[in-house]
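K.L.:
quick one, fold the following:
(one chain, ligands or ions: 1)
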Amino acid sequence: MNCNELMRHLNAYLDGELPALVRAEAKMHVAACRSCGIVVETCRSTIQVYRQQHPPLPDLLHRKVMDNVGRRLRPPAAQ
Ligand SMILES: [Zn+2]
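P.N.:
Residues are numbered from 1 along each chain as shown. Here you go, the predicted model:
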């Protein structure tokens, strides 16, 4: 897996919704790639802080926000 592929799967990766094989590839990439490691860590921290300070978002709104974040993180060529 490369950086672009990881960004494409980021939402599902953070939500633990990737199939086992893809998740394992993503995990290996995150462990080896400093840039993606920082992105994943920052997203996780942000989500954690948000959850501590706000009641959970309704599912549909959560999905819309995460889709939007994923689109903004993707490089223009991947859109
Ligand atoms: Zn990477």
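
K.L.:
now the helix or strand containing residue 24: average pLDDT?
P.N.:
Here residue 24, judged by DSSP states H and E, is contained in helix 20-32. Mean per-residue pLDDT for helix 20-32: 97.

K.L.:
who are the packing partners of the biggest helix by length in the chain?
P.N.:
Under DSSP state H, the helix in the chain containing the largest number of residues is helix 34-53. Counting contacts by 3 or more Cβ pairs under 8 Å, 6 or more residues apart in numbering; DSSP states H and E, helix 34-53 is packed against helix 3-14, helix 20-32. To be clear about C-beta, it is placed using only N, CA and C from the backbone, and glycine gets the same treatment.

K.L.:
got a list of contacts for the shortest one?
P.N.:
In other words, helix 3-14. Identification of contacts with helix 3-14 by Cβ atoms under 8 Å, 6 or more residues apart in numbering yields 1, 18, 22-23, 26, 29-30, 33, 35-36, 39-40, 43-44, 47, 66-67, 69-70, 73-75, 77-78.

K.L.:
same thing with the last one?
P.N.:
For helix 20-32, contacts defined as Cβ under 8 Å, 6+ apart pick out 1, 2, 3, 5, 6, 9, 13, 16, 18, 36, 37, 40.
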